[in-house]
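A.B. asks: The sequence and its predicted three-dimensional model are supplied below.
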Amino acid sequence: MAALLLAACSEENKYVPPPPPDVTIAAPVRQEVTRYLNFTGNTASINSVDLVARVEGFLMSIDYKDGAVVKKGDRLFLIQQDTYQADLDQAKAQLASAEAELTNNRAEYQRQSTLGQQDFSSQATVDKARASMEQAQASVDAAKANIEIATINLGYTTVLAPFDGIVTRHLADVGQLVGHNQPTTLATIVQMNPIYAYFNIGENQVLRIKDALAAQGRTIEQVKEIEIDVGLQNEGDEYPHKGRLDYVSPEVDPSTGTLLVRGVFENAKLSLLPGLFVRVRIPAQKIPDAYLVPDTSIGTAQQGKYVLVVNKDNVVEQKIVTTGQQVGEMRVVESGLTADDRVVTGGIQRAAPGSKVNPVVATDKAAAAGTPATPAAAAAAPAKTGN
């Protein structure tokens with residue numbers, strides 16, 4: 001009996017190793033990916049115009065709120081009009097007088113011309129009558145020109161918005177004399193929609209773009225068909241603002257080795273302001289079969305970037321990879337992976353290189369994107385262990 005009890009105690013105290021830890025695995029995602037060239041730049045308004053008083057007078061009214069969005073043709077300032085209206089009325093009166101004088105001189109010339117044909121008037125008298133008529137015609141033309149000038153000056157008393165935009169604070173107050181001796185700046189109007197983004201491309205990148213266009217059978221003139229994206233500093237890795245190339249400088253700056261490029265973007269919501277720092281990306285190449293893995297599954301070691309994979313014996317291995325751009329929550333792996341690799345996407349902290357694990361195949365997109373498997377999901381999945 002004592003021997004049996006000792007044998008039972010020995011069996012109960014025997015060490016049983018723990019089972020291999022569960023990790024989530026997924027194959028690399030294969031899909032077409034566009035490779036981008038990334039730059040930094042600044043936004044700029046398409047139009048920015050100083051509103052000036054081109055005629056002298058007292059400022060009668062300011063017809064907008066500082067910083068207001070205005071439409072083309074909206075009245076913004078009104079300058080004293082009475083003197084210019086009087087000049088216009090005077091020019092119209094001078095025209096009426098000149099036209100009456102012309103009518104009289106024309107009739108006189110016709111009489112003298114008829115008498116001259118009948119030898120009742122000398123040629124000198126006829127010539128004098130014709131000269132008077134032509135002088136009266138010139139007076140009419142001068143009066144019409146004075147009316148145009150007076151009309152233009154009267155129009156200058158009303159300062160209108162030349163385009164849709166935002167007007168800055170006013171720089172002159174009501175009652176102030178403006179336009180005295182020289183034009184007076186009243187405010188500035190800035191066009192916000194659409195909006196430009198300027199950036200510089202390096203010489204090597206210019207050559208790459210030219211080669212890419214040549215490979216597609218496109219000419220440099222077709223560069224304006226290329227769509228580009230920009231993102232602000234507070235928008236993370238997103239590029240929500242879509243636009244197109246609008247201008248490419250015809251020459252490389254020899255001092256910097258760069259080419260000035262401009263994009264144009266719709267800005268109906270005015271989310272882009274002139275002068276902002278922006279991130280810019282331009283599509284450079286389409287990769288038809290790129291490998292993507294969750295960005296969270298990529299680590300960094302002295303040798304470079306790596307991912308953990310589970311081999312056929314369920315042992316964790318470390319693979320050095322070359323990574324590319326990020327696509328949402330995924331990262332492009334340019335080299336180092338194959339389609340058959342089982343990449344560890346969840347439970348990475350439990351997957352040490354050289355250790356054996358229990359791989360659980362990701363069953364949904366969330367797990368494939370790197371979300372760790374829940375205990376329930378792990379329990380429901382078939383366990384795969386190796387001896």
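C.D. replies: Arrived safely, thanks for sending.
A.B. asks: Does the helix or strand harbouring Thr103 pack against any helices or strands, and if so which?
C.D. replies: When secondary structure is defined by DSSP states H and E, Thr103 falls within helix 82-117. Other helices and strands packing on helix 82-117, by 3 or more C-beta pairs under 8 Å, 6 or more residues apart in numbering; DSSP states H and E, are helix 123-156. Backbone N, C-alpha and C define where each C-beta goes, glycine included.
A.B. asks: Swap in 10 Å and give it another go.
C.D. replies: strand 57-62, helix 123-156 (3 or more C-beta pairs under 10 Å, 6 or more residues apart in numbering; DSSP states H and E).
A.B. asks: Direction-wise, compare the shortest one with helix 123-156 and give the angle.
C.D. replies: Using axes from the mean of the first three to the mean of the last three C-alpha atoms, to 10 degrees, one finds that strand 57-62 and helix 123-156 are set 40 degrees apart in direction.
A.B. asks: Got the confidence number for Lys312?
C.D. replies: At Lys312, the pLDDT value in this model is 91.
A.B. asks: Am I right that it sits in a strand?
C.D. replies: No - with DSSP: H, G, I helix; E, B strand; the rest coil as the criterion, Lys312 is assigned coil and is not in a strand.
A.B. asks: So what's the residue count around it?
C.D. replies: When neighbours are counted by other C-beta atoms under 10 Å, Lys312 registers 8.
A.B. asks: thinking again about what came up before, name the residues of the helix holding Thr103 that come out as buried.
C.D. replies: Residues of helix 82-117 classed as buried under the neighbour-count rule (16 or more other C-beta atoms under 10 Å) are 84, 87-88, 91-92, 94-95, 98-99, 101-102, 105-106, 108-109, 112, 116.
A.B. asks: what are the ranges of the helices in the stretch 151-300 of the chain?
C.D. replies: Across the stretch 151-300 of the chain, reading from the start of the chain, the helices by DSSP state H, counting those that start in this stretch fall at 203-215.
A.B. asks: quick one, strands of it?
C.D. replies: Counting by DSSP state E, counting those that start in this stretch, the stretch 151-300 of the chain has these strands, from start to end: 158-160, 165-167, 177-178, 184-190, 195-202, 227-231, 241-248, 258-265, 277-294, 298-301.
A.B. asks: on that earlier part again, could you tell me the angle between the helix holding Thr103 and helix 123-156?
C.D. replies: With the same axes, to 10 degrees defining the directions, helix 82-117 sits at 160 degrees from helix 123-156.
A.B. asks: on that earlier part again, would a markdown table of the strands of the stretch 151-300 of the chain with distance to Arg331 be doable?
C.D. replies: Below are the strands of the stretch 151-300 of the chain laid out as a markdown table (distance: least, C-beta to C-beta, whole Å):
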| stretch | distance to Arg331 |
| --- | --- |
| strand 158-160 | 54 |
| strand 165-167 | 40 |
| strand 177-178 | 60 |
| strand 184-190 | 40 |
| strand 195-202 | 24 |
| strand 227-231 | 18 |
| strand 241-248 | 23 |
| strand 258-265 | 26 |
| strand 277-294 | 6 |
| strand 298-301 | 6 |
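A.B. asks: among these, which is the most enclosed?
C.D. replies: With neighbours defined as mean count of other C-beta atoms under 10 Å, these peak in mean count at strand 165-167, which reaches a mean of 22.
A.B. asks: partner strands of that strand, parallel or antiparallel?
C.D. replies: Looking at strand 165-167 with DSSP bridges, its partner strands are strand 69-70 (antiparallel), strand 184-190 (antiparallel).
A.B. asks: Need the helices and strands packed on helix 82-117 in CSV (columns: distance to Pro194, mean pLDDT and mean neighbour count).
C.D. replies: Supplementary listing: the helices and strands packed on helix 82-117 in CSV, determined by distance: least, C-beta to C-beta, whole Å; pLDDT from 0 to 100; neighbours: other C-beta atoms under 10 Å:
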stretch, distance to Pro194, mean pLDDT, mean neighbour count
strand 57-62, 28, 95, 17
helix 123-156, 29, 88, 16
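A.B. asks: do you know which of these lies nearest Val248?
C.D. replies: When the helices and strands packed on helix 82-117 are compared for distance to Val248 using C-beta to C-beta, the nearest one is helix 123-156, at 39.1 Å.
A.B. asks: tell me which strands and helices the closest one is in contact with?
C.D. replies: Packing partners of helix 123-156 (3+ C-beta pairs under 10 Å, 6+ apart): helix 82-117.
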